[in-house]
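Engineer: here's a sequence, model it:
(chains A and B)
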Amino acid sequence: KQEVTQIPAALSVPEGENLVLNCSFTDSAIYNLQWFRQDPGKGLTSLLLIQSSQREQTSGRLNASLDKSSGRSTLYIAASQPGDSATYLCAVALSNDYKLSFGAGTTVTVRA
Amino acid sequence: DGGITQSPKYLFRKEGQNVTLSCEQNLNHDAMYWYRQDPGQGLRLIYYSQIVNDFQKGDIAEGYSVSREKKESFPLTVTSAQKNPTAFYLCASSMTGTVVNEQFFGPGTRLTVL
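Structural biologist: The predicted model follows:
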(Lines give C-alpha, C1' and ligand atoms only; values in the text may rest on other atoms or scores of the structure.)
Protein backbone atom coordinates (compact mmCIF):
# COMPACT_ATOMS: atom_id res chain seq x y z
CA LYS A 1 0.00 0.00 0.00
CA GLN A 2 1.28 3.43 -0.94
CA GLU A 3 2.05 5.63 2.08
CA VAL A 4 2.44 9.36 1.52
CA THR A 5 4.04 11.57 4.16
CA GLN A 6 4.34 15.32 4.35
CA ILE A 7 6.70 16.85 6.88
CA PRO A 8 6.44 19.28 8.57
CA ALA A 9 2.73 19.38 9.34
CA ALA A 10 2.91 23.15 9.76
CA LEU A 11 5.27 25.90 8.69
CA SER A 12 5.42 29.65 9.39
CA VAL A 13 7.65 32.01 7.42
CA PRO A 14 8.03 35.77 6.96
CA GLU A 15 6.81 37.31 3.72
CA GLY A 16 9.36 37.13 0.92
CA GLU A 17 11.03 33.94 2.08
CA ASN A 18 11.10 30.96 -0.27
CA LEU A 19 8.96 27.99 0.77
CA VAL A 20 10.10 24.39 0.50
CA LEU A 21 7.44 21.72 1.04
CA ASN A 22 8.29 18.03 1.12
CA CYS A 23 6.36 14.95 0.10
CA SER A 24 7.67 11.39 0.40
CA PHE A 25 6.10 8.15 -0.80
CA THR A 26 6.93 4.50 -0.18
CA ASP A 27 6.24 2.91 -3.57
CA SER A 28 8.39 4.37 -6.34
CA ALA A 29 6.28 2.82 -9.13
CA ILE A 30 4.16 5.91 -9.46
CA TYR A 31 2.30 7.13 -12.54
CA ASN A 32 2.10 10.77 -11.54
CA LEU A 33 2.12 13.10 -8.55
CA GLN A 34 -0.19 16.04 -8.03
CA TRP A 35 0.17 19.04 -5.71
CA PHE A 36 -2.97 20.73 -4.40
CA ARG A 37 -3.76 23.84 -2.38
CA GLN A 38 -6.60 23.90 0.14
CA ASP A 39 -7.89 27.03 1.85
CA PRO A 40 -9.71 26.61 5.20
CA GLY A 41 -13.13 25.05 4.72
CA LYS A 42 -12.72 24.87 0.94
CA GLY A 43 -12.11 22.26 -1.72
CA LEU A 44 -8.78 21.42 -3.32
CA THR A 45 -7.24 23.42 -6.14
CA SER A 46 -4.82 21.60 -8.41
CA LEU A 47 -1.47 23.39 -8.63
CA LEU A 48 0.84 21.10 -10.57
CA LEU A 49 0.81 17.58 -11.95
CA ILE A 50 4.11 15.81 -12.64
CA GLN A 51 4.15 12.69 -14.79
CA SER A 52 6.52 9.91 -13.75
CA SER A 53 8.70 10.62 -16.79
CA GLN A 54 9.23 14.24 -15.73
CA ARG A 55 11.76 15.61 -13.27
CA GLU A 56 10.02 18.90 -12.60
CA GLN A 57 7.08 21.10 -13.48
CA THR A 58 6.80 24.88 -13.19
CA SER A 59 3.94 27.35 -13.00
CA GLY A 60 4.71 30.97 -12.16
CA ARG A 61 6.31 31.10 -8.71
CA LEU A 62 5.72 27.38 -8.19
CA ASN A 63 8.16 24.65 -9.05
CA ALA A 64 7.71 20.99 -8.22
CA SER A 65 10.43 18.38 -8.55
CA LEU A 66 10.13 14.62 -8.58
CA ASP A 67 12.73 12.00 -7.68
CA LYS A 68 11.07 8.61 -8.06
CA SER A 69 14.11 6.59 -7.02
CA SER A 70 14.23 8.25 -3.62
CA GLY A 71 10.45 8.51 -3.31
CA ARG A 72 10.39 12.29 -2.95
CA SER A 73 8.78 15.37 -4.39
CA THR A 74 9.43 18.96 -3.39
CA LEU A 75 7.23 21.98 -3.99
CA TYR A 76 9.08 25.29 -4.09
CA ILE A 77 7.20 28.57 -3.78
CA ALA A 78 9.37 31.57 -4.53
CA ALA A 79 9.06 34.91 -2.74
CA SER A 80 6.16 33.88 -0.52
CA GLN A 81 3.20 36.21 0.04
CA PRO A 82 0.50 36.25 2.74
CA GLY A 83 -1.91 35.00 0.06
CA ASP A 84 0.11 31.78 -0.13
CA SER A 85 -1.10 30.87 3.35
CA ALA A 86 -3.01 27.59 2.95
CA THR A 87 -2.63 23.84 3.34
CA TYR A 88 -0.68 22.12 0.59
CA LEU A 89 -1.33 18.46 -0.15
CA CYS A 90 0.44 16.03 -2.42
CA ALA A 91 -1.21 12.99 -3.95
CA VAL A 92 0.35 10.05 -5.73
CA ALA A 93 -1.12 7.74 -8.36
CA LEU A 94 0.40 4.28 -8.84
CA SER A 95 1.10 2.88 -12.26
CA ASN A 96 -1.42 0.10 -11.94
CA ASP A 97 -4.13 2.05 -10.18
CA TYR A 98 -6.26 5.08 -10.94
CA LYS A 99 -6.62 5.97 -7.24
CA LEU A 100 -4.81 8.82 -5.55
CA SER A 101 -3.05 8.37 -2.21
CA PHE A 102 -2.94 11.63 -0.28
CA GLY A 103 -0.57 13.02 2.29
CA ALA A 104 -2.03 14.79 5.33
CA GLY A 105 -0.73 18.15 4.10
CA THR A 106 1.52 20.97 5.26
CA THR A 107 -0.22 24.06 6.62
CA VAL A 108 1.69 27.18 5.63
CA THR A 109 1.41 30.60 7.26
CA VAL A 110 3.16 33.53 5.61
CA ARG A 111 3.55 36.43 8.05
CA ALA A 112 3.28 39.98 6.67
CA ASP B 1 -18.78 28.58 -16.11
CA GLY B 2 -17.48 25.03 -15.84
CA GLY B 3 -16.87 23.33 -12.56
CA ILE B 4 -18.04 21.05 -9.79
CA THR B 5 -20.76 22.06 -7.37
CA GLN B 6 -21.60 20.42 -4.05
CA SER B 7 -24.61 21.04 -1.89
CA PRO B 8 -25.36 21.77 0.79
CA LYS B 9 -22.25 23.48 2.16
CA TYR B 10 -23.20 22.48 5.72
CA LEU B 11 -25.36 19.54 6.74
CA PHE B 12 -26.50 18.36 10.13
CA ARG B 13 -27.68 14.83 10.79
CA LYS B 14 -29.39 13.30 13.74
CA GLU B 15 -28.48 9.85 14.94
CA GLY B 16 -30.15 7.15 12.82
CA GLN B 17 -30.85 9.39 9.83
CA ASN B 18 -29.73 8.90 6.27
CA VAL B 19 -28.56 12.03 4.46
CA THR B 20 -27.66 12.63 0.81
CA LEU B 21 -24.88 14.90 -0.42
CA SER B 22 -25.15 16.30 -3.91
CA CYS B 23 -22.34 16.55 -6.47
CA GLU B 24 -22.81 17.93 -9.97
CA GLN B 25 -20.23 18.65 -12.68
CA ASN B 26 -20.50 20.33 -16.07
CA LEU B 27 -16.98 19.52 -17.20
CA ASN B 28 -18.14 16.57 -19.32
CA HIS B 29 -15.89 14.31 -17.25
CA ASP B 30 -16.48 10.57 -17.29
CA ALA B 31 -15.08 9.78 -13.84
CA MET B 32 -16.29 11.03 -10.47
CA TYR B 33 -15.08 10.41 -6.93
CA TRP B 34 -16.11 10.90 -3.31
CA TYR B 35 -13.53 11.51 -0.60
CA ARG B 36 -13.72 12.01 3.12
CA GLN B 37 -11.34 14.37 4.94
CA ASP B 38 -10.75 14.25 8.68
CA PRO B 39 -8.53 16.70 10.63
CA GLY B 40 -4.84 15.87 10.36
CA GLN B 41 -5.43 13.10 7.84
CA GLY B 42 -5.15 12.80 4.12
CA LEU B 43 -8.21 12.36 1.93
CA ARG B 44 -9.64 8.86 1.84
CA LEU B 45 -11.59 7.46 -1.10
CA ILE B 46 -15.16 6.38 -0.38
CA TYR B 47 -16.54 5.50 -3.85
CA TYR B 48 -15.66 6.19 -7.45
CA SER B 49 -17.38 5.90 -10.79
CA GLN B 50 -15.57 5.60 -14.10
CA ILE B 51 -18.70 5.69 -16.23
CA VAL B 52 -22.45 6.14 -15.98
CA ASN B 53 -24.32 3.28 -14.28
CA ASP B 54 -21.13 1.87 -12.84
CA PHE B 55 -19.31 2.52 -9.57
CA GLN B 56 -16.84 0.78 -7.26
CA LYS B 57 -16.04 0.87 -3.57
CA GLY B 58 -13.03 2.79 -2.40
CA ASP B 59 -11.07 2.27 0.80
CA ILE B 60 -13.80 3.26 3.28
CA ALA B 61 -17.15 2.45 1.61
CA GLU B 62 -18.87 0.90 4.63
CA GLY B 63 -21.90 2.96 5.69
CA TYR B 64 -22.08 4.87 2.40
CA SER B 65 -23.94 4.37 -0.87
CA VAL B 66 -23.86 6.10 -4.26
CA SER B 67 -25.61 6.13 -7.63
CA ARG B 68 -24.52 7.29 -11.07
CA GLU B 69 -27.60 7.57 -13.26
CA LYS B 70 -26.36 10.64 -15.11
CA LYS B 71 -22.91 11.64 -16.27
CA GLU B 72 -23.19 14.98 -14.48
CA SER B 73 -24.34 13.73 -11.10
CA PHE B 74 -22.86 11.47 -8.40
CA PRO B 75 -24.83 11.74 -5.13
CA LEU B 76 -23.50 10.22 -1.92
CA THR B 77 -25.80 8.88 0.80
CA VAL B 78 -24.44 8.63 4.32
CA THR B 79 -26.47 5.92 6.00
CA SER B 80 -27.16 5.28 9.67
CA ALA B 81 -24.68 2.40 9.42
CA GLN B 82 -21.82 4.90 9.22
CA LYS B 83 -20.85 5.20 12.89
CA ASN B 84 -18.63 8.26 12.66
CA PRO B 85 -19.92 10.38 9.78
CA THR B 86 -18.81 13.82 11.03
CA ALA B 87 -16.26 14.94 8.43
CA PHE B 88 -15.64 17.13 5.40
CA TYR B 89 -16.77 15.43 2.18
CA LEU B 90 -15.21 16.27 -1.15
CA CYS B 91 -16.37 15.32 -4.62
CA ALA B 92 -13.98 15.24 -7.56
CA SER B 93 -14.04 14.46 -11.24
CA SER B 94 -11.54 13.64 -13.97
CA MET B 95 -11.76 13.36 -17.71
CA THR B 96 -11.51 9.60 -17.61
CA GLY B 97 -11.07 7.04 -14.89
CA THR B 98 -7.40 6.60 -15.64
CA VAL B 99 -4.57 8.17 -13.73
CA VAL B 100 -3.40 10.19 -16.72
CA ASN B 101 -5.89 12.89 -15.93
CA GLU B 102 -5.93 15.44 -13.16
CA GLN B 103 -8.68 15.31 -10.60
CA PHE B 104 -10.66 18.50 -10.02
CA PHE B 105 -12.48 19.10 -6.76
CA GLY B 106 -15.70 20.70 -5.61
CA PRO B 107 -15.97 23.07 -2.62
CA GLY B 108 -16.99 20.37 -0.16
CA THR B 109 -19.81 19.61 2.26
CA ARG B 110 -19.25 19.64 6.02
CA LEU B 111 -21.42 17.04 7.72
CA THR B 112 -21.99 17.17 11.47
CA VAL B 113 -23.84 14.60 13.54
CA LEU B 114 -25.92 16.13 16.31
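Engineer: got the contact list for the residue in chain A that chain B sits nearest to?
Structural biologist: Relative to chain B, the nearest point of chain A is residue A:102 (3.4 Å; Cβ to the nearest Cβ). The C-beta positions use only the backbone N, C-alpha and C, and glycine is treated the same way. Contacts for residue A:102 were tallied using Cβ atoms under 8 Å, 6 or more residues apart in numbering or on different chains; they are A:4, A:89, A:90, A:91, B:42, B:43, B:44.
Engineer: what's the closest of those to residue A:57?
Structural biologist: residue A:90 (12.5 Å; Cβ to Cβ).
Engineer: now do the residue nearest the centre of chain B against residue B:16, distance only.
Structural biologist: Central residue of chain B (Cα atoms, centre = their mean): residue B:34, 2.8 Å from the mean position. In this view, residue B:34 and residue B:16 are 22 Å apart by Cβ to Cβ, to the nearest Å.
Engineer: check residue A:33 too.
Structural biologist: Plainly put, residue A:33 is 41 Å away from residue B:16 if you go by Cβ to Cβ.
Engineer: among those two, which residue is more densely surrounded?
Structural biologist: Using other Cβ atoms under 10 Å in any protein chain shown, the more surrounded residue of residue A:33 and residue B:16 is residue A:33, with 27 against 7.
Engineer: let me see the ranges of the strands in the chain.
Structural biologist: No chain was given, so I picked chain A. Counting by DSSP state E, one finds strands in chain A at the ranges A:4-5, A:10-14, A:19-25, A:30-38, A:44-51, A:56-59, A:62-67, A:72-77, A:86-94, A:100-102, A:106-111.
Engineer: other chain: chain B
Structural biologist: When assigned using DSSP E, the strands of chain B occupy the ranges B:4-7, B:10-13, B:19-25, B:31-37, B:44-51, B:54-57, B:64-66, B:76-78, B:87-94, B:104-105, B:109-113.
Engineer: quick one: closest of these to residue A:81.
Structural biologist: Across those, closest to residue A:81 is strand B:104-105 (Cβ to Cβ), at 23.0 Å.
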